[in-house]
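Asker: fold the following for me, if possible:
(one chain, ligands or ions: 2)
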Amino acid sequence: MALITSQASRSGHATRPATTASGDYRADAPDVVVVGAGFAGLYMLHRLRTLGFSVRAIDAADDVGGTWYWNRYPGARCDITTADYTFSFDPELEKAWTWSEKYAAQPEILRYAQFVADRYDLRRSIQFGTRVDQARWDEAAGRWHLNTSRGETLTPRFCIMATGCLSIPKEPDIPGAGNFKGEVYSTSRWPHERIDFTGKRVAVVGTGSSGIQCIPLIAQQAAHLTVFQRTANFAVPARNGPVAQARLQQLHADRAAYRQAAKFSRAGVPMPINMVYGRYAPPGQRTQLLNQGWESGELIAAYGIFADQALFEDANELVCDFVRDKIRATVADPATAEALCPKDHPFGTKRPCLDSGYYETYNRPNVRLVDLKRTPIGAITATGIDVGGESLPFDAIVFATGFDAMTGALVAVDIGGRDGQTLKHKWAHGPRSYLGLMTAGFPNLFTITGPQSPSAFSNMMVSIEQHVDWIGDCLVHMQQHEASVVEPTETAESGWMQHCDDCAAITLHARTSSWYTGGNVPGKPRGLMPYIGGVDAYRKACDEVVGRDYLGFAFTGPGVVGGRSCNDGVVRRLQPDVMRALEMFAALSLPAFESLPPAGARELMAQLRGRRPPGLPVGATQDGTLPGPGGPLEFRLYRPATPRPHPLVVYFHGGGWVWGGHDSDDPMLHDLCRRSGVAIVSVNYRHAPEARFPCAAADALCAVRWAGEHAHELGGIPGQLAVAGWSAGANLAAVVCHRVRDEGGPRIAGQLLLTPPTDGNMTTRSYIENGGGYGLTSALMRWFWGHYCDPADRLDPRASPLRATSLSNLPPAMVVTCEFDPLRDEGRAYAAALAKAGVAVKELCARGHTHMSPTMVDIVISGEPVRAQMADALRGFFSQTQTG
Ligand code: FAD
Ligand code: NAP
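Answerer: Ligands and ions are numbered 1, 2, ... in the order given. Got it, this is the predicted structure:
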């Protein structure tokens, strides 16, 4: 293969002397070696020099710029607006540089990197044309031994890998790739000299961002262009031009505030968060938002057209359909248009591209699309490409086939840590890190924008600056405390991995094969590599780690008391969406419910409920009343879409016996009905303090009896009756089971108890551990009990079912408890007591959940497995009834 490369890229093989403009980097005996001189390496170098460390940077390239040094293909430009894709660490630097376009092209971005290097005189500390091939941790010396392609060994105390997420090209894994005798180019190793395709027959393989950017320009020059597409990709129009005035005005009005907002935004660009759910929005609003996203010319806006598009396939499909229609409207040939329509992945799960005339290019007479899904490449030959029985001759082939992303550059260096363990071995099943900054077993080795940090899911400039600042601060901290070695603990790392997995699990991303998941490289382990919890959430976690005395990091050194210090622990234990929900709730700055009179608390709660999505439709709902002991009780019946009759569940709402109603748990009951296929009748009961204990329990019993007697009218199957409830409602459901057992039925097939209060003495450990900050507080629980029951009645088994003299012969149960609920321990105690009494019981402790979070359908996606298991339990109760 005649791979045409530039002098610069050839020099990566160490043919030139390792000199720089000022050539004095050898004067350093560095404390720190920074590998890479892209934006990350440049800022790291500057920051450490400013902090007084001796530091040397090394790059395989012959100049600064990293990505923008290597990716020089026609059309290369950024896809984050350049006003945002820019350093913010020095306001004077910002003033000194003006971007010419909304999305600057590669030459301008490279000039910017060079400008930064010159402004801070960085080149004198950078060794170019040198690759770091090997790194070994020397335990005795507490230093790294770095071997370079020039045969040198460096022994810094710290090694910082600024090697880039997208810096190692993926090998073109196509049969015969080495056979072609014509010109071969790779977008990510593009020559420095101008390439002229005039009059040539050109092939481009790959339709990711690189392909989509270069195809329109190559098509304008070439005699004929054939595009080989394996996976059709979504692209939205860039609408490039001058920097948007609105953005500039925002920036100039208060630069510091704008940059601060970027740091605490979801993706590193300040942007309002759209709260409209696509799945519930009326058609007119959907269209308006879709058009708005399309017109914005911004990737991040297109990611956030609907609040739920990254979470639910049906919401995402609205965006997919919209973009596909735009493609069909643009591309004249219907067959080509159809082939260009992505149909195998949700929008955003492969990075969508910003398009400047891409789809229009297919209307040119000199452009042909080959859909490799229909006709795969047979082989690359000496003269062209064999595909679908044709031999297509070419003068040049351009590979735009992407990167071994995120981990490629890190494992390409033979890194050996503590006890001879190599990074490649440790990461054989996928990368593991703490905060994407360090990995256990590899002391004093930092990674900038490493896996499990926001990296490629963000404006990289914001993420780079954050990592550089964090690492700089850490090194200063160590200096101040005379610590020489830092390393994360296994506990902290495992906790962070769990959190990253939790974040991934609630999005559609993990399901798509992409470079985000390692799916583009044959044999690479799969798993979503960048942190998808958001730039803001990530920064808060990193800051919290520092604030909690470097939680999860161990330090050793002469100044460390006892030689080693470690505040071990896990920084994030809540589910990410539960945390967001709590933050949203806190941001409302509501008064504490227990500070209000019951009427005020009810009103506030009703207002909050009004803001929540309604839930997806069930077959039918029907409201009615039933006769209760103190007057009529309202109910709402939820019927599945399947033909009646169905097993029937009588459900009691949450609300601490003080607030709520037959319709107050509407979204969750829609969900439970849809999932379980059973009919649910949600019955209201009299509330405290107007009607105190035992009124609610009496109403609940009456309602169950009435439902049993009227099962047929309700669309139920007579004899197939279960009870369920959440919180205070779960308490009532449990109590009803005791009463029907003791007082002549009806027969209950099962009891589903979600976070039940079971014991009014409120002294468990979870009351203390989870007493504040997780929605339901201990203080509020005391307020509820106070309104519901006199102290003398609280331990009555009709209020505290755990206190019953016997729990035997109760219906099979599922008890759901939540890790961060004050009621957790009494729920668990009840499940254990039921089991001890011989009751078939399934207990589920929802990890990372709070008292309320599993009920927050649509907001708390991580509750889906819990809700699914609750639905399974309901179905299970009735299958036992049928078989038993
Ligand atoms: P890089 O810029 O990748 O620099 C890493 C450097 O390390 C390279 O110069 C490499 O030669 C060197 N290196 C690696 N390994 C070794 C070794 N073993 N020894 C010596 N040197 C080594 N991100 C955005 O946020 N917005 C965008 O618009 C955007 N557009 C992009 C466009 C393209 C074409 C590509 C490929 C990526 C784009 N990215 C974008 C991501 C981009 O990579 C980052 O924004 C950013 O430039 C990364 O900077 P970095 O310094 O971390 O890594
Ligand atoms: P990419 O997104 O991974 O795209 C690679 C393309 O090559 C895909 O279409 C892929 O198909 C195809 N391909 C790979 N191997 C192939 C094979 N053996 N046969 C046929 N086709 C093959 O890589 P990229 O385009 O270089 O972009 C990578 C990332 O860099 C982007 O997602 C973005 O983050 C960044 N980038 C940004 C810009 C920008 O606009 N600022 C520009 C370029 C790159 P499959 O999808 O089927 O694997």
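
Asker: identify the residues contacting the closest residue to ligand 1 within the stretch 351-500 of the chain.
Answerer: Nearest residue of the stretch 351-500 of the chain to ligand 1 (Cβ to the nearest ligand atom) works out as residue 460 at 3.2 Å. C-beta coordinates here come from the backbone N, C-alpha and C atoms, glycine included. Residue 460 makes contact with 39, 80, 85, 165, 268, 449, according to Cβ atoms under 8 Å, 6 or more residues apart in numbering.

Asker: can you tell me which of those end up in helices?
Answerer: residue 39 (DSSP state H).

Asker: hey, where'd the strands end up in the stretch 401-550 of the chain?
Answerer: 414-416, 445-447, 485-488 (DSSP state E, counting those that start in this stretch).

Asker: please see if the first one touches ligand 1.
Answerer: Meaning strand 414-416. No. Applying Cβ under 6 Å from any ligand atom, one finds strand 414-416 separated from ligand 1 by no less than 9.8 Å.

Asker: for the nearest residue to residue 238 once chain neighbours are set aside, what are phi and psi?
Answerer: Once flanking residues are discounted, residue 238 sits nearest to residue 354: 3.9 Å by Cβ to Cβ, 6 or more residues apart in numbering. Per-residue torsions, residue 354: phi -90, psi 130 (degrees, to the nearest 10).

Asker: circling back: which of the strands of the stretch 401-550 of the chain sits most buried?
Answerer: strand 445-447 (a mean of 26; mean count of other Cβ atoms under 10 Å).

Asker: show me what that strand packs onto, helices and strands only.
Answerer: When contacts are defined as 3 or more Cβ pairs under 8 Å, 6 or more residues apart in numbering; DSSP states H and E, strand 445-447 sits against strand 158-161.

Asker: what mean pLDDT does the next helix or strand after the strand it packs on get?
Answerer: For strand 158-161, the following helix or strand on the C-terminal side (DSSP states H and E) is strand 183-186. Per-residue pLDDT over strand 183-186 has a mean of 97.

Asker: contact partners for residue 41?
Answerer: Applying Cβ under 8 Å, 6+ apart, the residues contacting residue 41 are 34-35, 57, 59, 64, 66, 126, 162, 448.

Asker: now, among those residues, which is nearest to residue 760?
Answerer: The closest of the contacts of residue 41 to residue 760 turns out to be residue 448 (Cβ to Cβ; 53.9 Å).

Asker: surely the closest one is in contact with residue 165?
Answerer: No. Using Cβ atoms under 8 Å, residue 448 is not in contact with residue 165; the gap is 9.4 Å.

Asker: pretty sure residue 73 contacts residue 212?
Answerer: No. Judged on Cβ under 8 Å, residue 73 makes no contact with residue 212 at a distance of 11.3 Å.

Asker: which strand residues bridge the residue nearest to residue 238?
Answerer: residue 236 (DSSP bridges).

Asker: that one against residue 296, yeah?
Answerer: No. With contact defined as Cβ under 8 Å, residue 354 does not count as touching residue 296 (10.8 Å).

Asker: which one's more surrounded, those two?
Answerer: residue 354 (26 against 18; other Cβ atoms under 10 Å).

Asker: tell me how far residue 140 lies from residue 565.
Answerer: Distance, residue 140 to residue 565, by Cβ to Cβ, to the nearest Å: 21 Å.

Asker: where does pLDDT dip in the stretch 51-200 of the chain?
Answerer: Flagging of the stretch 51-200 of the chain using pLDDT under 70 yields an empty set of residue ranges.

Asker: just the pLDDT for residue 287.
Answerer: The predicted local confidence for residue 287 is 97.

Asker: if we can go back for a sec, out of the strands of the stretch 401-550 of the chain, which is closest to ligand 2?
Answerer: Closest among these, using Cβ to the nearest ligand atom: strand 445-447, at 17.9 Å.

Asker: wait, residue 761 sits on residue 791?
Answerer: No. With contact defined as Cβ under 8 Å, residue 761 does not reach residue 791; the gap is 9.9 Å.

Asker: so for those two, which sits in the more crowded spot?
Answerer: More crowded of residue 761 and residue 791, by other Cβ under 10 Å: residue 761, with 14 against 10.

Asker: for that one, phi and psi?
Answerer: phi -90, psi -20.

Asker: which residues touch the closest residue to it other than its chain neighbours?
Answerer: Spatially, and ignoring its direct neighbours in sequence, residue 761 is nearest to residue 795 (6.6 Å; Cβ to Cβ, 6+ apart). Listed by Cβ under 8 Å, 6+ apart, the contact set of residue 795 reads 759-761, 803.

Asker: likewise residue 812?
Answerer: Counting by Cβ under 8 Å, 6+ apart, the residues that residue 812 touches are 749-751, 839-841, 876-877, 880.

Asker: could I get those residues as a markdown table with distance to ligand 2 and secondary structure?
Answerer: As requested, the contacts of residue 812 are exported to a markdown table (distance: Cβ to the nearest ligand atom, whole Å; DSSP: H, G, I helix; E, B strand; the rest coil):
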| residue | distance to ligand 2 | secondary structure |
| --- | --- | --- |
| 749 | 50 | coil |
| 750 | 47 | coil |
| 751 | 50 | strand |
| 839 | 53 | coil |
| 840 | 49 | coil |
| 841 | 48 | strand |
| 876 | 42 | helix |
| 877 | 46 | helix |
| 880 | 48 | helix |
